[in-house]
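Asker: Let's see this in three dimensions:
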Amino acid sequence: MLAISIVSLLAAAIGTVWWSSSSRPSVHYLTTPATRGSITRVANATGTVNPVLTIIVGAYVSGTIRQVFCDYNTLVKAGQICAKIDPRPYKAILDQYVAQLARDRGFLAQAQMDLAR
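Answerer: So this is what the prediction gives:
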């Protein structure tokens with residue numbers, strides 16, 4: 001039993017030494033002499049781009065946006081249209097109420113004729 005434990009510890013030690021010596025990657029350097037040339041202006045970055053100023057904008061009505069005229073950091077003036085909402089749902093409701101009004105006017109005309117008789 002003692003011999004098995006010693007052999008196991010010896011095998012673990014040899015495995016640890018072999019693993020630690022073989023897992024180190026060799027370092028390679030690339031050097032070049034300094035030369036004259038053109039400078040390219042490039043900025044690379046990672047992360048989230050945030051606006052300079054965020055303003056919460058509300059609307060009197062809600063709906064599907066059909067067109068957007070403003071974007072982040074766009075200078076806007078009072079009264080400027082930034083988004084156009086799809087008018088079709090509202091037009092359908094308006095047409096429905098106009099039809100009901102015409103129907104009710106017809107009922108009123110009929111009731112006035114009945115009253116006159």
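Asker: What mean pLDDT does the top helix by length along the chain get?
Answerer: Counting residues, the longest helix found in the chain (DSSP state H) is helix 88-116. Taken as a whole, helix 88-116 carries a mean pLDDT of 95.
Asker: how about that helix: buried residues?
Answerer: By neighbour count with 16 or more other CB atoms under 10 Å, helix 88-116 contains no buried residues. Any C-beta I mention is one placed from the backbone N, CA and C, and that applies to glycine too.
Asker: how distant is that helix from the center of its chain?
Answerer: The chain centroid and the centroid of helix 88-116 are separated by 46 Å under CA atoms, centre = their mean, to the nearest Å.
Asker: other SSEs contacting that helix?
Answerer: Helix 88-116 is packed against no helix or strand, with contacts defined by 3 or more CB pairs under 8 Å, 6 or more residues apart in numbering; DSSP states H and E.
Asker: By mean pLDDT, which helix or strand of the chain comes out lowest?
Answerer: One helix or strand of the chain scores below all others by mean pLDDT, DSSP states H and E: helix 2-22, with a mean of 78.
Asker: what's the distance between Thr64 and Lys91?
Answerer: Using CB to CB, to the nearest Å, Thr64 is found at 13 Å from Lys91.
Asker: hmm, I was thinking of Leu10
Answerer: According to CB to CB, Leu10 and Lys91 sit 87 Å apart.
Asker: Equivalent analysis for Ala109, please.
Answerer: The value you get for Ala109 to Lys91, if CB to CB is used, is 27 Å.
Asker: One more: Leu53?
Answerer: Note on Leu53: its distance to Lys91, by CB to CB, is 36 Å.
Asker: got it, and Thr40?
Answerer: Distance of Thr40 to Lys91, computed by CB to CB: 54 Å.
Asker: Please apply the same query to Ala43.
Answerer: Using CB to CB, we find Ala43 at a distance of 49 Å from Lys91.
Asker: Good, wrapping up.
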